[in-house]
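Undergrad: Fold the following.
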Amino acid sequence: MDLPPIFSILPQHQILSRLTGMRWIAIVAQLLVIAAVHFTIDVGLSRGALQSLFCVIAFLCVFNLLSWWRMRFARPAGDSELFMQLLVDVTGLSLLLYFSGGATNPFVSFYLPALAVAAAILPWRLAFALALYAFASYSLLTYVYQPLHIHDSSRGMAYHLAGMWVNFAVSAALITWFVTRISGNLRQREAQLAQARERQLQGERMIALGAQAASAAHEMGTPLSTIAVIAGELRNEVRQTPALAAYGADLAVIEQQIAVCKNALDRMRVDADPQSVLGSHALKEWLDKFIDAWRLRYPAVHLSLTLSEQDGLSSHTQVLGQILLTLLDNAARAAATKAGAGRVQVTLVIAAASALIRVQDNGPGIDSELLMRLGYQPVASSADGKGIGLLLAFESARQIGAAIRLSATPADGTIAELTVALP
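TA: Next comes the predicted model:
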């Protein structure tokens, strides 16, 4: 049922909420039993006994309302507070039994639901202490109580058996309801913990890969500079020696690829600077420039870009660039198998609250069994890769609240869809 704001329940009070729910059920059942005994069964309850019973039930109602009010506060209920909740229940039941026949009351075994709940939610010491308290109360009620007066003594056993049946039904229902709810909460919590552990392990794996990438980038810096110097000297030799002019085109390709490697190292340096990713960028303009820069990596692959009529802003363009670099490189490798007819199509679709970047190649596609594992674990590939790029891309997408979806058919190649929320 919907509760007014003053009784709103915070997630950390699930167990306390279950206890208050059980108490409301018990209060309603107690009122129904008192009404049934007083009006339909020939059992004499004195005016004083009725007043005492209603006073105890009124106290339980007030206590339950205070428990609901307490759930407004963020501090979760600890073991001591839950123990006090159950202690009040056992004490209230003992008082009700005292005014209605003591241990001869068929509802005396109503102690068991409270003890079952205590065993499920409390440490063994507190549960054992509550069990001792209930045992002492039960024992005292065998000697100290206000007796019930049954006018038709011949039906006393029938009344007692009927009360025991009702007691069993209510107790079984309460115990089953509470334990199943608690078990469901525990299973949900275990699933959340397992998911958190998986994310932590995956995060540690990403950190390790990032450290290796940073180390590799540092080691590549010096030899790349050396190659650039040698390429510059070769360029001078080609200019001064006409016989070497035929190698000019090859040398231009080498210089172009050196520039690509330097750009990759510079991009890694920029991405590592938190200040460089601040601010939002228009997606259409950013993607257009990104694609122009990427064409230098695979000049032999025909790439077409289709932009949405609408535009949007994103503050995650650095991360999107890392993800797209992996998706485009994979698409280019797949398209290169077409022997000169390789094509890659990039499409940007912007809706009201999200942007979709679709990368499609006309390659041979990906096997369905391999497709299910891509992005979730390292896998071998025909291009001597290990699937680490996609692993990093999927994790980067999760970090910014984006999602990557892969699909493939032999006729249409592979389609990678990157969906990112827009502010």
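
Undergrad: Give me the neighbour count for Leu32.
TA: By the criterion of other CB atoms under 10 Å, Leu32 has 12 neighbours. The way it works is simple: take the backbone N, C-alpha and C, and place the C-beta from them, glycine included.

Undergrad: Local confidence estimate at it?
TA: Looking at Leu32, its pLDDT reads 85.

Undergrad: and it, how far is that from Val170?
TA: 10 Å (CB to CB, to the nearest Å).

Undergrad: Just to check, Leu356 is in contact with Gly312?
TA: No. Counting by CB atoms under 8 Å, Gly312 is not a contact partner of Leu356; they are 10.7 Å apart.

Undergrad: tell me, what's touching these two both at once?
TA: Both Leu356 and Gly312 are in contact with Ile350, where contact means CB atoms under 8 Å, 6 or more residues apart in numbering.

Undergrad: Tell me where the model's unsure across the stretch 301-423 of the chain.
TA: Scanning the stretch 301-423 of the chain for pLDDT under 70 picks out the ranges 339-340, 375-387.

Undergrad: one more time with 50
TA: Along the stretch 301-423 of the chain, the model assigns pLDDT under 50 to residues 383-384.

Undergrad: Which parts of it are strands?
TA: Secondary structure of the stretch 301-423 of the chain by DSSP state E, counting those that start in this stretch: the strands cover 302-306, 313-314, 343-350, 354-361, 403-409, 413-421.

Undergrad: Next, format those strands as a markdown table and append distance to Leu141.
TA: Below are those laid out as a markdown table (distance: least, CB to CB, whole Å):
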| stretch | distance to Leu141 |
| --- | --- |
| strand 302-306 | 82 |
| strand 313-314 | 70 |
| strand 343-350 | 73 |
| strand 354-361 | 66 |
| strand 403-409 | 62 |
| strand 413-421 | 63 |
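
Undergrad: Columns mean neighbour count and distance to Ala246 on top of those, output as JSON lines?
TA: JSON lines is the format used below for the strands of the stretch 301-423 of the chain (neighbours: other CB atoms under 10 Å; distance: least, CB to CB, whole Å):
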{"stretch": "strand 302-306", "mean neighbour count": "15", "distance to Ala246": "27"}
{"stretch": "strand 313-314", "mean neighbour count": "18", "distance to Ala246": "47"}
{"stretch": "strand 343-350", "mean neighbour count": "19", "distance to Ala246": "31"}
{"stretch": "strand 354-361", "mean neighbour count": "21", "distance to Ala246": "34"}
{"stretch": "strand 403-409", "mean neighbour count": "16", "distance to Ala246": "42"}
{"stretch": "strand 413-421", "mean neighbour count": "20", "distance to Ala246": "37"}
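
Undergrad: Nearest residue to Ser109 in space, please, no chain neighbours.
TA: Spatial nearest neighbour of Ser109, excluding adjacent residues (CB to CB, 6 or more residues apart in numbering): Asn167 at 5.9 Å.

Undergrad: tell me which element that neighbour is part of?
TA: Asn167 belongs to helix 156-240 when elements are defined using DSSP states H and E.

Undergrad: for Leu82, same thing?
TA: Element membership of Leu82 [criterion: DSSP H and E] is helix 79-98.

Undergrad: elements contacting that helix?
TA: Helices and strands touching helix 79-98, by 3 or more CB pairs under 8 Å, 6 or more residues apart in numbering; DSSP states H and E, are helix 14-39, helix 47-70, helix 111-121, helix 124-141.

Undergrad: mind checking which of those is nearest Ser368?
TA: helix 14-39 (41.0 Å; CB to CB).

Undergrad: which helices and strands does the closest one pack with?
TA: Against helix 14-39 (3+ CB pairs under 8 Å, 6+ apart) you get helix 47-70, helix 79-98, helix 111-121, helix 156-240.

Undergrad: what's the angle between that helix and helix 47-70?
TA: Using axes from the mean of the first three to the mean of the last three CA atoms, to 10 degrees, the direction of helix 14-39 lies 160 degrees away from that of helix 47-70.
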